[in-house]
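Student: Need a 3D model of the sequence below.
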Amino acid sequence: MQFLQSFAAEVVAFTKANQGWAPFIVAALCFAESLAVVSFFVPATVMLVGIGGLIGGAGLNFWPIWWGAVIGGILGDWLSYVVGYYFKDSAHHHWPLSRYPEFTKRADDFMRKWGAMGVFIGRFSGPLRAFVPLAAGVFAVPQWKFQLANVTSAIVWAFVLLAPGWGLLKYISKYVPH
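Tutor: Okay, the predicted model is just below:
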């Protein structure tokens, strides 16, 4: 756990030092955060909230970073969907997914209950975030329904992750004397 915290702090510091790369860094983090299994090893949510704070505190431009988050999230979910669609249920029985049967089962149950709307809702649930698009592919949710839920949820999710730090630090720097 200490390693992940240290890694997260390093990524946020790197982003601060290389602000021009911030949209690309955020896109890569959101892509990793949206991939089944990979999301367990990349503490992207913590880093994204930290980068959101940099936006307000270091004066970074919110919108390019937000677009990076949206694009990374969309692409990560789309790739997970394609893997599920291509491999169907056999995806659950191969490494690395076979090591996480509780998450794949929860995602499958969630998709049975919610259908394409589950992709939108699942984006906001840390443990299910990366497995729901995979399950959507396994259950062959129509591509247009999946993409509608994928894109709209990525737009909202990226804003929810980044805006609090951006707005709070912008407010503090404007109204709180130094």
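Student: how about the residue nearest to Val42 when sequence neighbours are not counted, what does it touch?
Tutor: Excluding the flanking residues, the one nearest Val42 by CB to CB, 6 or more residues apart in numbering is Ala32, at 4.1 Å. C-betas here are computed from N, CA, C, even on glycine. When contacts are counted by CB atoms under 8 Å, 6 or more residues apart in numbering, Ala32 touches 38-39, 42, 44, 72, 76.
Student: Which helix or which strand is home to Ala32?
Tutor: helix 22-33 (DSSP states H and E).
Student: Which parts of the chain are helices?
Tutor: 2-17, 22-33, 38-41, 44-57, 62-87, 101-114, 117-122, 131-138, 143-175 (DSSP state H).
Student: and of the contacts of Ala32, the nearest to Phe7?
Tutor: Nearest to Phe7, judged by CB to CB, of the contacts of Ala32 is Val42 at 8.5 Å.
Student: coming back round to it: okay, the residue nearest to Val42: pLDDT?
Tutor: On pLDDT, Ala32 comes in at 92.
Student: Report the buried members of the contacts of Ala32.
Tutor: Taking 16 or more other CB atoms under 10 Å as the criterion, what is buried in the contacts of Ala32 is 38-39, 42, 44, 72, 76.
Student: pretty sure Val70 contacts Ala154?
Tutor: Yes - between Val70 and Ala154 there is a contact at 4.8 Å, judged by CB atoms under 8 Å.
Student: If you count surrounding residues, which of those two has more?
Tutor: Ala154 (24 against 21; other CB atoms under 10 Å).
Student: related to what we said a few turns ago, export the helices of the chain to CSV and tack on distance to His93?
Tutor: Below are the helices of the chain laid out as CSV (distance: least, CB to CB, whole Å):
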stretch, distance to His93
helix 2-17, 28
helix 22-33, 24
helix 38-41, 18
helix 44-57, 27
helix 62-87, 9
helix 101-114, 9
helix 117-122, 21
helix 131-138, 11
helix 143-175, 23
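Student: Single out the most deeply packed of these.
Tutor: Neighbour counts (mean count of other CB atoms under 10 Å) averaged over each of these peak at helix 131-138, with a mean of 29.
Student: where does the protein have low pLDDT?
Tutor: Applying pLDDT under 70 to the chain flags the ranges 1, 3-4, 166-178.
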